[in-house]
Each structure stands twice: as C-alpha cells, then as structure tokens.
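Chemist: this one's sequence-less:
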C-alpha cells in the first residue's frame, strides 16, 4: 500500500463506539495539527479541521468521514456477573458468538468474551434458532461481586480485533469507516486547495447520521463530499454479479445512490472526469440500501450539491472486514485530485 499502514492500523485498532469517539478524535487532531489553519470540536464531538483556500476562500467544501464503529452498550449486569448488551449500530448477531470484546469501564478497559454454548449440548431447536443481540451475554471471567465493582450499566463495548495485511487486502475491525477516515487524513496532507476545505471527522453515523446532520447546519458548505465504505459482494455466496455492488481491486467507488441519497449528477460527473484525467482506477456504486453522511449534508441547511467516494469493503458490519490496498490508494488519490481541482467556479445547480 502506498499510504501509511501504521496510521491505518492505529485507527482501526482503536476503539470508538457511537457517542464515545474520544480515542479517534485524538488521532485526528494530531494528524491534522500541521495541516489545518484551524481545528475545532463541537458539542457532539465532531472534529472540523479547516484549510483556508488560497484563491477563493469564500467558497467552502466540506469533506466528511465518520469516526464511530458499531458497538454495544451494557444494559444489565446479571446476578451471576454476566453482561447483557444493547446494540449501537447494525450488527449481524450470527457472527458474534465466541468473539473477544473490550468493555470500556470507568476505571479502565476490561477484556471479555461473548459466550457461546457448545453445539453438542444444544437441542435441535436451539441450534436452529436465530441469534439476536438481546440473547447474547459477555463473560468477563470474574465472579459477580468483582464484575459489579468493575462494570456499570452504560459502559460501552467494542470488538477486540487486530488489523492485518492478508494478501492484497487489509483486514480487521472498524474498517467501516476508519479506512475512509484514513483516506481523508492522507488526502488532507497532500492538497493545496484554491477553495476553503473543512475536513470533518463526524460522530454517531452508525446510529442515524447524527453528527453529519448537526454539522450540516453549523458549516453551511457550498459543496459536500462524504467518504464511507460500500458493499463488495464479490464472494462465492453471490453468483449473481448484479448484486456485487462493487468489487475489490477495481478502484475507488463513485457513489450514484444509496438508501439515503441520490448524489448530484454534476458532482459525480466531475468526479468521473477527474478520475479519468488522472488515470485513477474507479468504479460506479449503486447501493440499494444503507445510508451515509452524504445525506446528512444534503438538506440540513437548505439544498446542497453532494457527492461521495466509497471504499469497497467485504464482510461489512462483521467482526473482520476487508478492503483492498489499491482501492484505498485510489480513494486517497481521487479525493486529493478532486479537491485540488475545485475552483469554486463549477456550477452544480440542476
């Protein structure tokens, strides 16, 4: 990978469930300290690093990538010292049993495991039952009295997973959306924009695009571009290629629509033009369901032209997600080229 793997590893291995993005916020502020003319954090925890335009500073572009990862909140501690969970974001419960987790308690992190009964002790009905998050429990390996002293209702829980290179891919937890946050940080270090660019690291995307909606009111940009992962269903279970959405290794994905937004045609046309002129590998994305921060900026402060660039991701919203190194590099290249070529003179009105 051309870009800085150590930074990507740091971002993905750090913990930051919705509403608790503190550790990610520290990395963002550190990485942009020497780039931005101003860095500020709002009451929700969104970080905005502003780079003033050299030619047309009154024209403002917002670029957003979210910091949060899907996680859980402790909703109950049983009399036997097991933790019951409430989901923060959209989990597939089938992949959660027997996984290691980190409980972020007031006095420090505590390791645990999501319990799973041995299959040969389960009835046929139990083996065929559909898992739900409310049926899961976390075992901390401690007696009930110790657990009660360590953990409280409201403590957040995230997956305990490392980030590794696997062939041409990078795998680990929270690639959604840390891989795009990484791409935004790398592009920010590279650009010298004519217009003012606000690099926004947003919060609480996984629970309803909440940070971007608030930021769309506060910033009021002339143009907004969001970065998020998208589905890559190029796997054996999917024989119908029309359901792939994107494919790993085929480049950055220029979003045409998802479940929350239809991007501005003039914006995505210019993105395609930039990609072609700079020979940046790219593909088009039509995502049937799911939302992104793109929608958060589209109409919260009046009608805004919006576009989005996505990193294709296999196994999204599971414990181990996978992105292709070339697609990550292409996303950095496309975002940087798009921002450097924005003069503020482009007419995105329809």
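Modeler: All right, it came through fine. Remember, it's a predicted structure, so these values are computed and weren't measured experimentally.

Chemist: for the helix or strand harbouring residue 294, what is the average pLDDT?
Modeler: Element membership for residue 294 (DSSP states H and E) is helix 293-298. For helix 293-298, mean pLDDT rounds to 88.

Chemist: Correct me if wrong: residue 284 contacts residue 251.
Modeler: No: judged on CB atoms under 8 Å, residue 284 makes no contact with residue 251 at a distance of 10.1 Å. Where you see a C-beta, it was placed from the backbone N, CA and C, and this is true even at glycine.

Chemist: Neighbour count: those two, which is higher?
Modeler: residue 251 (23 against 13; other CB atoms under 10 Å).

Chemist: sorry, back to before: so which elements touch the helix holding residue 294?
Modeler: Packing contacts for helix 293-298, counted by 3 or more CB pairs under 8 Å, 6 or more residues apart in numbering; DSSP states H and E, involve strand 56-66, helix 210-219, strand 223-231, strand 306-313.

Chemist: for that helix, the distance to its chain's centre please.
Modeler: Once both centres are worked out by CA atoms, centre = their mean, to the nearest Å, helix 293-298 turns out to sit 14 Å from its chain's centre.

Chemist: Likewise for stretch 279-294?
Modeler: Computed by CA atoms, centre = their mean, the chain-centroid distance of stretch 279-294 equals 14 Å.

Chemist: How about stretch 290-309?
Modeler: For stretch 290-309, the distance to the chain centre is 16 Å (CA atoms, centre = their mean).

Chemist: and that stretch, how far apart are its ends?
Modeler: With CA to CA, to the nearest Å as the measure, the first residue of stretch 290-309 is 15 Å from its last.

Chemist: now stretch 289-308
Modeler: 15 Å.

Chemist: Repeat that for stretch 311-327.
Modeler: End to end - CA to CA - stretch 311-327 spans 6 Å.

Chemist: repeat for stretch 307-322
Modeler: Start-to-end, stretch 307-322 (CA to CA) is 24 Å.

Chemist: quick revisit: tell me the buried residues in the helix holding residue 294?
Modeler: Buried residues in helix 293-298, defined by neighbour count with 16 or more other CB atoms under 10 Å: 293, 294, 295, 296, 297, 298.

Chemist: Contacts for it next, please.
Modeler: Under the contact criterion CB atoms under 8 Å, 6 or more residues apart in numbering, helix 293-298 has outside partners 62, 64-66, 202, 205, 209, 211-213, 215-216, 221, 224, 226, 228, 255, 258, 260-261, 263, 304, 306-308.

Chemist: before we move on, what about stretch 22-33?
Modeler: Under CB under 8 Å, 6+ apart, the answer for stretch 22-33 is 7, 10-11, 14-16, 39, 41, 45, 47, 49, 67-68, 178, 181, 185, 188-189, 199, 201.

Chemist: and if we set it to 6 Å?
Modeler: Stretch 22-33 has contacts (CB atoms under 6 Å, 6 or more residues apart in numbering) with 14, 15, 16, 39, 47, 49, 67, 185, 201.

Chemist: For residue 34, grab the count of nearby residues.
Modeler: 7.

Chemist: Next one: it from residue 49, what distance?
Modeler: Residue 34 sits 11 Å away from residue 49, going by CB to CB, to the nearest Å.

Chemist: next one: residue 195
Modeler: 15 Å.

Chemist: what's next to stretch 135-147, contact-wise?
Modeler: Under the contact criterion CB under 6 Å, 6+ apart, stretch 135-147 has outside partners 80, 81, 82, 83, 84, 85, 96, 112, 113, 114, 115.

Chemist: so where's the stretch 151-300 of the chain uncertain?
Modeler: The model of the stretch 151-300 of the chain has no residue with pLDDT under 70.

Chemist: Show me where it has its helices.
Modeler: Under the criterion DSSP state H, counting those that start in this stretch, helices of the stretch 151-300 of the chain are mapped to 175-190, 210-219, 265-277, 293-298.

Chemist: Quick check: which of the ones you listed is nearest to residue 121?
Modeler: Proximity to residue 121, assessed across those by CB to CB, is greatest for helix 175-190 (34.5 Å).

Chemist: For the closest one, buried residues please.
Modeler: Applying 16+ other CB under 10 Å to helix 175-190 flags 175-188 as buried.
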